[in-house]
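S.K.: A structural model of the following input is requested.
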Amino acid sequence: MGGRLAFDLDGVLYPWHEIMLEQFIVEGRLPVESTVGDLFGHGNYFDKLPKKVRSEYLRDPSYYFEPVLREGAWEVISALKDTWEIFYITARYSSVEAVTRAWTWNMGLPRSPENLYVVNGGNKRAVAQALGITVFVEDNLKYVEQLWDICSVVLLTRPWNEDFEGYTNTRIEHVRIDTLHQLVPLLNGI
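M.R.: Numbers count the residues shown, from 1 in each chain. Presented below is the predicted three-dimensional model:
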């Protein structure tokens, strides 16, 4: 039982998308009744912004330091930390690496920040392969595509990764969960 377990941060452990939704509502970019799916789901508002504007949000450290974890994250990590070696692999940019390391430390995440890898918008596959990751918990289909043939991939359902017409690569091998709480019994069965 156990092995090397990697978690993505944004969308899996850290509610970055919800924080961004609040910011966009405060800025008046979206109406108050907007959802995370409106901002980041298929045909979303965020991807339609000019690349420079998206980049400014993605590289702004102030959006990466809220002292919160996604619902269930702490309980799941606590339940798994004694049987799995835990890693955190994120595609965040190097401009937010220092704040990311501080956040993992301040949140008390096991084996952080020494087991934190920031890939600067790039390739999680190379890091996961070098570390010998056996299971990777991810929310982005792009990274599921990078990882599925080198480790088991668990996809946390989010509005941006729901199976929708026109995306042909959702059939690659992975296990889908709807909540982080489903991860413990799933991994206990491996």
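S.K.: Residue 2 reaches residue 86, doesn't it?
M.R.: No - if you go by CB atoms under 8 Å, residue 2 and residue 86 don't touch, sitting 10.2 Å apart. For every residue, glycine as well, the C-beta is placed using N, CA and C.
S.K.: I'd like to know which elements the longest strand along the chain is packed against.
M.R.: Taking DSSP state E as the criterion, the chain has its longest strand at strand 84-90. Applying 3 or more CB pairs under 8 Å, 6 or more residues apart in numbering; DSSP states H and E, we find strand 84-90 packed against strand 3-7, strand 116-118, helix 124-131.
S.K.: Could you list the residues in contact with the second one?
M.R.: The one in question is strand 116-118. Contacts to strand 116-118, defined as CB atoms under 8 Å, 6 or more residues apart in numbering, come from residues 87-90, 92-94, 96-97, 100-101, 104, 127, 131.
S.K.: Off-centre distance for stretch 143-156?
M.R.: With CA atoms, centre = their mean, to the nearest Å as the basis, stretch 143-156 stands 12 Å off its chain's centre.
S.K.: If you count neighbours, what's buried in it?
M.R.: 143, 144, 145, 146, 147, 148, 151, 152, 153, 154, 155, 156 (16 or more other CB atoms under 10 Å).
S.K.: Kindly report the same for stretch 181-188.
M.R.: 182, 183, 184, 187.
S.K.: which SS class is residue 160?
M.R.: Three-state call for residue 160 (DSSP: H, G, I helix; E, B strand; the rest coil): coil.
S.K.: Quick check: buried residues in stretch 113-128?
M.R.: Applying 16+ other CB under 10 Å to stretch 113-128 flags 113, 115, 116, 117, 118, 119, 124, 125, 127, 128 as buried.
S.K.: hmm, which two among the residues you listed are most spread apart?
M.R.: 113 and 125 (21.6 Å; CB to CB).
S.K.: Do a quick rundown of the strands in the protein.
M.R.: For the chain, applying DSSP E gives strands covering 3-7, 84-90, 116-118, 135-138, 152-156, 175-177.
S.K.: want to throw the ones you listed into a markdown table with mean pLDDT?
M.R.: Shown next, in a markdown table, are the strands of the chain (pLDDT from 0 to 100):
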| stretch | mean pLDDT |
| --- | --- |
| strand 3-7 | 97 |
| strand 84-90 | 97 |
| strand 116-118 | 97 |
| strand 135-138 | 97 |
| strand 152-156 | 94 |
| strand 175-177 | 90 |
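S.K.: Highest mean neighbour count out of those strands?
M.R.: The highest mean neighbour count among these, using mean count of other CB atoms under 10 Å, belongs to strand 135-138: a mean of 25.
S.K.: Using the record's domain definitions, break the protein down for me.
M.R.: 3-14+68-188, 16-64 (automatic domain parsing).
S.K.: residues near residue 41, how many?
M.R.: Neighbourhood size, residue 41 [other CB atoms under 10 Å]: 19.
S.K.: which residues does it contact?
M.R.: Shown in contact with residue 41 (CB under 8 Å, 6+ apart): 35, 159, 160, 162.
S.K.: Since that was my last question, I'll sign off now.
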